[in-house]
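J.: Next comes the sequence, and after it the predicted model I'd like to discuss.
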Amino acid sequence: MTRIDAFAHILTPNYYQEMLKIAPEIPKQYPFIKIKTLLDLDERIKYWPAEDVKQVISFANINAEDYVDGKQAAVLCREANRELSEIVKNNSKYFESGVGMLPMNNISAACDILEEIKKSKYLVGAQIFTRHLGKSIADPQFEPIFKKASELGLPLWMHPVFDNRKPDNNLVFSWEYELSQAMLQLVQNDLFEKYPNIKIIIHHAGAMVPFFSGRINHILDEKHADDFKKFYVDTAILGNSAALCLAIKYYGVDHILFGTDAPFAVMPAGATEIISDAINSICLSVDNLDKIYQQNYLKIVGGN
C-alpha cells in the first residue's frame, strides 16, 4: 500500500534565493531554515522515510506577500509554482504532487493562479494560512479565493501562522489555537453554505476541534456545529493514537488524510514512522487504512 503524505513541506532553492535578496533577515526570523532536508533535495532523498511513501509538498511559510507588493508577489508565486512543478515532475518516485502558492495581497492574480493550477499536471491545489496580511483568512477580502477554488474543484491546504498581535506565541499550543479559531470563523461566515463543494484540508488533525466537540455542539446551532465536520484533516500530531481515534470518530474516516508535516519535528526527515505506527495501532480495517493512507487524498484531488 502506497502511503501518500498529503501535508509535507519544502522550500524550493530558487524561490528561497529570490526571497533572500529581498529579505536577508529571513534565516534569523525562521530557525527552521537550518533543516537541510527542507532546502536540499539531495539531502531529502538521502533520508527518504520509506520506499512506499510519496509526499504532497507545499511551501514552508515564507510568503511573498509579507515582503513585497501585490504585483511582485504574483511574479514570485508564479515562479515558485513553476519551480515546484519541475521538482515534482523530475522526482515522481518521491513526490505525488505539489500545492501551489498564492499572492494574497493580489486577489485577482491569486484567482488567476488558481486557474493555472487547475491546468497543471503537477499541482493539485493551493495553500492558504490562518492569517494573511494581519487579517483572518475568514476576512471578506479573501472570500474570492474560496469561491474560485470551489468553482474549479481545487482543494485548499490550510496551515497555521502566528497572530503577531500576541506576545506569547509558541509552537506547542499557538498554532493549534489559530487553526481552530480560523475554522470557527469560516464556519460562522457560512462558508460551506455559500460554497458547498469547497474542500479544505486542515493541518494537525483538526487541532482543538475534536477535543472540544461538546462545547461546539452546545454553543453553536446545529447547522454550524455540523459544518465543522465538512473539513478534511491530516494525521500530523506526532503520534498519539488516542487523539487520532478522537479525530477519526469526530470527522469520520472519509475525512482523514495521512499527513506528517515532513521534514519537521523529527530530524532529519520527519515523523513518518511515528505517525504511521500510531495509525496502525488503532486496529482499523484494511479498507479504512487504505482510505487514510491514499484513497481519501486521491478522491479529493480526483477532479483536478
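T.: Alright, I've got the coordinates.

J.: show me where the protein has strands.
T.: Secondary structure of the chain by DSSP state E: the strands cover 3-10, 53-59, 95-100, 123-129, 131-132, 135-136, 156-159, 200-202, 232-234, 256-257.

J.: how about those strands in CSV, adding distance to N280, mean pLDDT and mean neighbour count?
T.: C-beta: built from backbone N, CA, C; applies to glycine. Shown next, in CSV, are these (distance: least, Cβ to Cβ, whole Å; pLDDT from 0 to 100; neighbours: other Cβ atoms under 10 Å):
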stretch, distance to N280, mean pLDDT, mean neighbour count
strand 3-10, 11, 98, 27
strand 53-59, 14, 98, 25
strand 95-100, 20, 98, 25
strand 123-129, 26, 98, 23
strand 131-132, 35, 98, 21
strand 135-136, 37, 98, 15
strand 156-159, 24, 98, 23
strand 200-202, 22, 98, 26
strand 232-234, 16, 98, 26
strand 256-257, 14, 98, 26
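
J.: closest one to C245 among the ones you listed?
T.: Among the strands of the chain, strand 256-257 comes nearest to C245, with 10.7 Å by Cβ to Cβ.

J.: Reformat the strands of the chain as a markdown table; add distance to Y250.
T.: Converted to a markdown table, the strands of the chain look like this (distance: least, Cβ to Cβ, whole Å):
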| stretch | distance to Y250 |
| --- | --- |
| strand 3-10 | 18 |
| strand 53-59 | 23 |
| strand 95-100 | 24 |
| strand 123-129 | 22 |
| strand 131-132 | 24 |
| strand 135-136 | 23 |
| strand 156-159 | 17 |
| strand 200-202 | 12 |
| strand 232-234 | 9 |
| strand 256-257 | 10 |
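
J.: These: which one's closest to L41?
T.: Evaluated with Cβ to Cβ, the strands of the chain place strand 3-10 nearest to L41, the distance being 8.2 Å.

J.: just the angle between the closest one and strand 123-129, please?
T.: Here strand 3-10 points in a direction 50 degrees away from that of strand 123-129 (axes from the mean of the first three to the mean of the last three Cα atoms, to 10 degrees).

J.: Other residues contacting strand 3-10?
T.: 38, 44, 50, 52-60, 84, 87, 96, 157, 201, 203, 234, 236, 257-264, 270, 272, 276, 293-294, 297-298 (Cβ atoms under 8 Å, 6 or more residues apart in numbering).

J.: Give the pairing partners of it; include direction for each.
T.: In the sheet, strand 3-10 lines up against strand 53-59 (parallel) (DSSP bridges).

J.: quick one, the strand it pairs with and strand 95-100 angle?
T.: 10 degrees.

J.: ok, how many other residues are close to Y30?
T.: The burial count assigned to Y30 is 13, neighbours taken as other Cβ atoms under 10 Å.

J.: what's the distance between it and S85?
T.: The gap separating Y30 from S85 is 24 Å, by Cβ to Cβ, to the nearest Å.

J.: try L154
T.: Distance from L154 to S85, by Cβ to Cβ: 15 Å.

J.: So for the two, which residue has more residues nearby?
T.: L154 (25 against 18).

J.: mind listing what's buried in stretch 204-224?
T.: Buried residues in stretch 204-224, defined by neighbour count with 16 or more other Cβ atoms under 10 Å: 204-211, 213, 216, 220, 224.
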